[in-house]
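Asks: Give me a model of this one.
(2 chains)
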Amino acid sequence: MRAWLFSGLLVLLVGCATPAPDSLYQQLGGQTGITRIVEDMLLRAAADARIKQHFVEVDIVRVRDKLVEQLCELSGGPCTYSGDSMEESHTGLHISRSDFNALVELLQAAMDQQGVSVRAQNQLLAHLAPMRGEIIER
Amino acid sequence: MRRITLLACGLCCAFGAYAEQGRLLATGGASMLEGAAGGGIVPWAVLTGYGEQDEWGGSAFATRVETGDYRLDAGGVALAYGNRLELSYARQHLDLGSLARDLNLPDNSVSQDIFGLKVRLFGDLIYDRLPQVALGVQHKRQRDFRVPKLVGAQRDTDTEGYLVASRLWLGAAFGYNLLGNVTARYSRANELGLLGFGGDRRDQHQWLGEASLAVLLNPRWAVGVEYREKPDNLSFAGESDWQDVFIGYFPSKHVSLVLAYARLGEIATYDHQDGVYLSLQGSF
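Replies: Predicted coordinates for the structure are as follows:
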């Protein structure tokens, strides 16, 4: 089922290589906007007592690049996520439900900072929410 | 009652300093009239406060409803653990106003205590495939039974249960988040229990439907509607279903404010009891 969905998504992505002007990708500010959002979120995470321990021993540049790629792809931008699966990249990190929500709050703050509308924020969160099961408690 | 609320707020602040508050803003809901986490007149399947797994959450609230002929004050506290179990206590005080004068009643107010328990059975408000579903029990004890007895109530103490499902759909309302709640309540409480339990017309529990729908304009503001079906156990007066439209404001995980316009219909012979509902909650 997941493989089928994934290939369906790929076909869609190839079919829409040039995003429409009002696409979520554009509303997030394209490549520049998404990069700013991810960097702002990671800076906030590194300073957040609740979750900073999860970012101590990671290659933060790689995390940034892969997140930008992933958000770009999820929002309909011209990218293909090339990182590990969500299960793989979070195994051993023991991300709790609270940690996950804390990062959601920081993502929201970063999107607010970039002036992303509430509706566009909700749309991106709707793409990310189903991934929680593959991220937490691993 | 004021003292209880003040004490509760103090406890709230004390606990708040240690709380982790792992859930997202507004997902603890406000405090509904009976003390459970919810909207105003309808419970939600969420647990009060902001505790996630292995965390505590809690709240204290004060609510006033003015309908012209009546005034209802409610206040209480609730504590939740692990986003799983919620315990609550609330006291309601209904000022009978003109009714007490017109009917020459022995008391000019009635009040009751409500002890509540809610357990999240499965699901999640936002993330899982299934909606969040909770089972609740409310044990209600009437404190001034003379008036309820006079109008036909059969007993001064009763227990009722409810099953409630809640879901937040991200971006579902033209891009805004949509919150839906559906409750099935098994009760025989007259006017929440303020007029006792069971009546001369009917003395059995019955299934009653409740629902609410809210749109989150952003993480801090919600607007919505609520509906609550009510029994009709007493022959001396009709009991109307309740409904309201509300605005909820959640400036932080410590405070929420709900303002509503409620249409409560006929209450103890007086019809058209429409009025303002205002509720303040402190939480952690």
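
Asks: and the stretch 151-284 of chain B, which of its residues are near chain A?
Replies: B:170-171, B:174-177, B:217-219 (Cβ under 8 Å from any Cβ of the partner chain). (Each C-beta comes from the backbone N, C-alpha and C, glycine too.)

Asks: Now the two most distant members of the residues you listed.
Replies: By the measure Cβ to Cβ, B:Phe174 and B:Pro219 form the most distant pair in those, at 16.8 Å.

Asks: More neighbours: which of the two?
Replies: For B:Phe174 and B:Pro219, the more surrounded residue by other Cβ atoms under 10 Å in any protein chain shown is B:Pro219, and the numbers stand at 18 against 8.

Asks: how near is that one to A:Val104?
Replies: Remark: distance between B:Pro219 and A:Val104 (Cβ to Cβ, to the nearest Å) = 10 Å.

Asks: One more: A:Gly83?
Replies: For A:Gly83, the distance to A:Val104 - Cβ to Cβ - is 19 Å.

Asks: Compare the two and say which is more crowded by neighbours.
Replies: A:Val104 (17 against 14).

Asks: Run a quick check on the more buried one versus A:Asn122, I expect a contact.
Replies: No: between A:Val104 and A:Asn122 there is no contact under Cβ atoms under 8 Å: 11.7 Å.

Asks: Sketch out the strands for chain B, chain order is fine.
Replies: For chain B, the strands defined by DSSP state E cover B:30-31, B:37-38, B:56-66, B:71-81, B:85-95, B:109-122, B:132-142, B:157-173, B:176-187, B:206-218, B:221-228, B:242-252, B:255-263, B:274-283.

Asks: Would you mind putting those strands into a markdown table with mean neighbour count alongside?
Replies: Output for the strands of chain B, formatted as a markdown table (neighbours: other Cβ atoms under 10 Å in any protein chain shown):
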| stretch | mean neighbour count |
| --- | --- |
| strand B:30-31 | 30 |
| strand B:37-38 | 29 |
| strand B:56-66 | 24 |
| strand B:71-81 | 23 |
| strand B:85-95 | 21 |
| strand B:109-122 | 20 |
| strand B:132-142 | 20 |
| strand B:157-173 | 19 |
| strand B:176-187 | 21 |
| strand B:206-218 | 18 |
| strand B:221-228 | 20 |
| strand B:242-252 | 18 |
| strand B:255-263 | 18 |
| strand B:274-283 | 20 |
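
Asks: now these in a markdown table, with mean pLDDT?
Replies: A markdown table is the format used below for the strands of chain B (pLDDT from 0 to 100):
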| stretch | mean pLDDT |
| --- | --- |
| strand B:30-31 | 98 |
| strand B:37-38 | 98 |
| strand B:56-66 | 98 |
| strand B:71-81 | 98 |
| strand B:85-95 | 98 |
| strand B:109-122 | 98 |
| strand B:132-142 | 98 |
| strand B:157-173 | 98 |
| strand B:176-187 | 98 |
| strand B:206-218 | 98 |
| strand B:221-228 | 98 |
| strand B:242-252 | 98 |
| strand B:255-263 | 98 |
| strand B:274-283 | 98 |
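
Asks: Pull up the residues of the stretch 1-150 of chain B that are close to chain A.
Replies: Along the stretch 1-150 of chain B, the residues adjacent to chain A under the rule Cβ under 8 Å from any Cβ are B:20, B:22-25, B:52-53, B:55, B:83, B:126-128.

Asks: Including pLDDT, could those go into a markdown table?
Replies: Below are those laid out as a markdown table (pLDDT from 0 to 100):
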| residue | pLDDT |
| --- | --- |
| B:Glu20 | 80 |
| B:Gly22 | 96 |
| B:Arg23 | 97 |
| B:Leu24 | 97 |
| B:Leu25 | 97 |
| B:Glu52 | 97 |
| B:Gln53 | 95 |
| B:Glu55 | 97 |
| B:Asn83 | 97 |
| B:Ile126 | 97 |
| B:Tyr127 | 96 |
| B:Asp128 | 90 |
